[in-house]
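J.: Show me the folded form of this:
(2 chains)
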Amino acid sequence: DTGVSQDPRHKITKRGQNVTFRCDPISEHNRLYWYRQTLGQGPEFLTYFQNEAQLEKSRLLSDRFSAERPKGSFSTLEIQRTEQGDSAMYLCASSLARDITEAFFGQGTRLTVV
Amino acid sequence: DAKTTQPTSMDCAEGRAANLPCNHSTISGNEYVYWYRQIHSQGPQYIIHGLKNNETNEMASLIITEDRKSSTLILPHATLRDTAVYYCIAAGFSGSRLTFGEGTQLTVNP
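T.: Residues are numbered from 1 along each chain as shown, chains lettered A, B, ... in the order given. As a prediction, this is how the structure comes out:
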């Protein structure tokens, strides 16, 4: 296992289309996080799962966004009816459910909405 | 999570120590100080964390003041590959979100 992998690495879509991103966490990690990062800013938290349960969602996660983690393994983040403001890097991270632990991030999916 | 304040940018000569400061004056007793860095076009990478005591690992040292209101990340011998944005984060136990600020852009010059 080489780390957190995200697919695709880059996605260009037309405004109004739906897109779906996939994240495969490190295999033994039961926590999975999604972040969004725009140019020049730090990553912003979107949501996180412990196993298959979605435990927290940011207010940034509008009703056009939905995330799932079936069976507590990989996760998908779907954006419906994309807008230009959705253009960003979408980062996935995973960690163990311990009090103090580090989060391992993937390389991200760069979304461009045209 | 407590707010952290970092300088926007810093420069360091290759081979010298890089000292990156962070203020977290409102940190609560159960919040740890985490440091991550992000090299261009990659996801953030964990560096180190601490609560009260100074910490050292193979990447860096973390010095936390006695009142815990500030800390300094030290890269003892900076290399060109250490050029990145460094984020200081005050957060509780794992599982809560990591709240990233804008970080410090460290540029290591040859």
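J.: going forward, measure contacts and count neighbours with C-alpha atoms only.
T.: Noted.
J.: Stretch B:36-50: which residues count as buried?
T.: B:36, B:37, B:38, B:43, B:44, B:45, B:46, B:47, B:48, B:49, B:50 (16 or more other CA atoms under 10 Å in any protein chain shown).
J.: From these, pick the one nearest chain A.
T.: Chain A has its nearest neighbour among the buried residues of stretch B:36-50 in residue B:43, at 4.7 Å by CA to the nearest CA.
J.: list the contacts for that closest one?
T.: By CA atoms under 8 Å, 6 or more residues apart in numbering or on different chains, the residues touching residue B:43 are A:91, A:105, A:106, A:107, A:108.
J.: okay, the third one: pLDDT?
T.: So that's residue A:106. Note on residue A:106: pLDDT of 96.
J.: In contact with it, which residues?
T.: The contact partners of residue A:106, taken as CA under 8 Å, 6+ apart, are A:3, A:4, A:5, A:6, A:91, A:92, A:93, B:42, B:43.
J.: Ends of stretch B:49-66, what's the gap?
T.: Length of stretch B:49-66, first residue to last, CA to CA, to the nearest Å: 16 Å.
J.: From chain A, how far out is residue B:108?
T.: Separation of residue B:108 from chain A (CA to the nearest CA, to the nearest Å) stands at 19 Å.
J.: that's a helix at that residue, yeah?
T.: No - counting by DSSP: H, G, I helix; E, B strand; the rest coil, residue B:108 falls outside a helix, being strand.
J.: What pLDDT is listed against it?
T.: 98.
J.: Does the nearest residue to it once chain neighbours are set aside lie in a helix or a strand, and which?
T.: Spatial nearest neighbour of residue B:108, chain neighbours left out: residue B:12 (4.8 Å); criterion: CA to CA, 6 or more residues apart in numbering or on different chains. Using DSSP states H and E, residue B:12 falls within strand B:9-13.
J.: Who are the packing partners of that strand?
T.: Applying 3 or more CA pairs under 8 Å, 6 or more residues apart in numbering or on different chains; DSSP states H and E, we find strand B:9-13 packed against strand B:104-109.
J.: Not counting the strand it packs on itself, show me its contacts.
T.: B:6-14, B:20, B:78-87.
J.: Get me the contact residues on chain B for chain A.
T.: B:41-46, B:93-95, B:97-103 (CA under 8 Å from any CA of the partner chain).
J.: ok, now which ones touch residue B:46?
T.: By CA under 8 Å, 6+ apart, the residues touching residue B:46 are A:102, A:103, A:104, B:34, B:35, B:36, B:37.
J.: For the residues you listed, which PyMOL command selects only the ones that are buried?
T.: This is the PyMOL syntax for the buried subset of the contacts of residue B:46, where burial follows 16+ other CA under 10 Å:
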select buried, (chain A and resi 102+103+104) or (chain B and resi 34+35+36+37)
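J.: so which of the contacts of residue B:46 would you say is closest to residue A:61?
T.: Among the contacts of residue B:46, residue A:103 lies closest to residue A:61 (CA to CA), at 20.6 Å.
J.: Least confident of the residues of chain B next to chain A?
T.: Taking the residues of chain B next to chain A together, the minimum pLDDT is found at residue B:95 (52).
J.: these two touch, right, residue A:18 and residue A:82?
T.: Yes - between residue A:18 and residue A:82 a contact is recorded at 6.1 Å, counting by CA atoms under 8 Å.
J.: Nothing else from me, thank you.
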